[in-house]
Every structure is written in structure tokens, then in C-alpha cells.
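Peer 1: output the structure for:
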Amino acid sequence: MINQALSYLVWLRDHHHEFERLVADRLGAEAAGAVDWSNPRVVCVAGEFTYHDTVAVEEIDRRIDLVSYRVFDDVLTLRLVASVAGAGWPSSRAKAPTASIATEQVPAVSVQQHRLEGAPAKVKELFGAVDERLLLPEGAWMEPQQHYLTYRRLKKFASLRVLPRKEVVAVNLKLDPATVELEEGFTRDVTEIGCLGISGVEVSLRSQADLERAEDLILRSIAAS
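Peer 2: Residues are numbered from 1 along each chain as shown. The predicted structure is shown next:
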């Protein structure tokens with residue numbers, strides 16, 4: 001499917017006029033003239049992708065998103081598996097990207113990825129353990145956001161932020177703070193402070209032992225999803 005999608009991209013690159021004519025027929029000449037050819041995006045949707053697929057699209061150096069889907073009864077869910085910004089096309093026809101376009105081309109996980117790459121080794125190791133734990137429930141997957149990661153099944157049950165300077169992996173859980181015995185420095189109520197991610201109880205993890213202490217809270221949040 002990825003090969004087929006790339007062949008469509010090649011056709012698009014060589015048939016600007018045909019595509020713009022179709023846009024003009026449907027949406028008018030003004031819309032056709034506003035088409036930005038600098039970095040077209042390919043979106044591939046499939047039941048699943050392999051590790052080799054995600055590595056391959058990084059080497060292709062084109063703007064590609066891999067999206068997997070799952071069906072739960074009558075609910076369709078989508079998960080972003082990989083997102084590559086791509087180098088774009090060197091072309092005299094390409095319009096200079098506006099600020100909004102440049103922002104759109106940054107992968108959604110960029111801020112968190114940057115923080116993780118600059119984090120101490122022990123924080124990276126802890127992140128790996130927390131990520132593995134949150135993906136353990138059947139049907140769970142992770143959705144990268146600009147400033148945090150979201151974990152969900154049919155509903156969101158956790159969001160995660162890496163805080164390298166504090167050497168903390170902060171996990172927000174979908175819990176009513178009134179039902180949790182809050183501990184200073186470990187858990188806190190974030191429902192009234194406009195937090196990033198899920199509004200509920202934030203758990204500050206600094207070690208594997210903290211992750212084990214948070215197990216009951218994680219299970220409760222998962223059960224509600």
C-alpha cells in the first residue's frame with residue numbers, strides 16, 4: 001500500500017495542471033490557485049503496520065502519515081503510528097509556506113520527542129517502563145500530541161509528559177481527586193489548574209518503585225476506559 005501511495009504521489013507531482021483543473025471545477029479558480037505544492041502529504045490507512053514499515057517511511061524522506069484502525073462493535077478508532085515531515089519538492093511552482101503551514105509540517109510528537117532525547121538515561125528508562133505499562137491493557141494505544149502523549153482504549157485513560165529538568169515522568173489519570181488519597185510530591189489534583197493532558201489526578205514518577213506505587217491508580221483509570 002505504501003508503494004501504491006507513493007506512485008500516486010509521483011503522478012500528482014507530474015500532473016499539477018490536471019489536479020488544479022479538478023479543484024477549479026469543484027471549488028473554483030481561487031481555490032485552485034491557492035493549492036500549495038511545497039510538501040504534499042501521503043496518508044496510508046491500514047489495519048496494522050510493521051516496524052519495517054515505520055522505518056521505511058523515515059528513509060523515503062517524503063511527508064507520510066501511517067494510520068492504523070480498529071473496530072470495536074460499531075466504533076471505529078484511528079491511531080497515528082508514524083508521521084514523517086518530509087523534505088518537500090524542489091519546484092518553482094511551490095509557494096513559500098506560511099507560518100501555519102510550517103507548523104503543520106512538524107510531527108505532532110515533536111516537543112515530547114525533543115524532551116525525551118535530551119533527558120537523562122534514567123528518565124528515558126523510566127519512560128520506557130511507563131509507556132510499556134500503559135500499553136499493556138488489551139486494545140490500548142498511544143496518540144502523540146504536541147506537548148504530551150495520550151493513552152486510550154475506547155476512552156482516554158492517561159496522558160504522559162516527560163519533564164527532564166525535574167527528572168520526572170508525569171502521568172495524568174482520569175480519576176476523581178476526591179476518591180484518591182493525595183500525597184505531596186507524588187499525586188496532586190489538576191482539575192482546576194488548566195493542565196496539559198487529562199484533567200484528573202497527576203502522578204509524578206521518579207523511579208520504578210513509584211510506578212509500582214501507582215499501579216492501583218492506573219488500574220482504576222484503565223477500568224473506567
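Peer 1: so where does the residue lying closest to Leu126 once chain neighbours are set aside fall, helix or strand?
Peer 2: Nearest non-adjacent residue to Leu126, counting by Cβ to Cβ, 6 or more residues apart in numbering: Val169, 5.3 Å away. To be clear about C-beta, it is placed using only N, CA and C from the backbone, and glycine gets the same treatment. For Val169, the host element (DSSP states H and E) is strand 168-173.
Peer 1: give me the beta-bridge partners of the residue nearest to Leu126?
Peer 2: Beta-bridge pairing for Val169 (DSSP bridges): Val162, Leu205.
Peer 1: what is the burial count for it?
Peer 2: Neighbour count for Val169, taken as other Cβ atoms under 10 Å: 27.
Peer 1: and if you look at Gln145?
Peer 2: As a measure of burial, Gln145 has 18 neighbours, counting by other Cβ under 10 Å.
Peer 1: distance of it from Glu58?
Peer 2: Using Cβ to Cβ, to the nearest Å, Gln145 is found at 20 Å from Glu58.
Peer 1: re the thing from before, list the contacts for the residue nearest to Leu126?
Peer 2: Val169 makes contact with Val123, Leu126, Phe127, Val130, Leu160, Arg161, Val162, Leu163, Ser204, Leu205, Arg206 under the criterion Cβ atoms under 8 Å, 6 or more residues apart in numbering.
Peer 1: is the residue nearest the centre of the chain in a bridge, and if so with what?
Peer 2: The chain has Pro144 as the residue nearest its centroid, 2.0 Å off, counting by Cα atoms, centre = their mean. Pro144 has these beta-bridge partners by DSSP bridges: Leu149.
Peer 1: tell me the angle the strand or helix carrying Ala129 makes with strand 168-173.
Peer 2: Assigned by DSSP H and E, Ala129 belongs to helix 121-134. In terms of direction (axes from the mean of the first three to the mean of the last three Cα atoms, to 10 degrees), helix 121-134 departs from strand 168-173 by 20 degrees.
Peer 1: helix 121-134: how far from the chain's middle?
Peer 2: 17 Å (Cα atoms, centre = their mean, to the nearest Å).
Peer 1: I'd like to know which elements it is packed against.
Peer 2: helix 110-117, strand 156-163, strand 168-173, helix 208-213 (3 or more Cβ pairs under 8 Å, 6 or more residues apart in numbering; DSSP states H and E).
Peer 1: quick one: buried residues of the host helix or strand of Gln4?
Peer 2: Taking DSSP H and E as the definition, one finds Gln4 inside helix 2-14. Residues Ile2, Leu6, Leu9 are the ones in helix 2-14 that count as buried (16 or more other Cβ atoms under 10 Å).
Peer 1: stretch 218-225 now?
Peer 2: Buried-residue list, stretch 218-225, by 16+ other Cβ under 10 Å: Ile218, Arg220, Ser221, Ile222, Ser225.
Peer 1: likewise for stretch 58-76?
Peer 2: So, applying 16+ other Cβ under 10 Å, buried residues of stretch 58-76: Arg62, Arg63, Ile64, Asp65, Leu66, Ser68.
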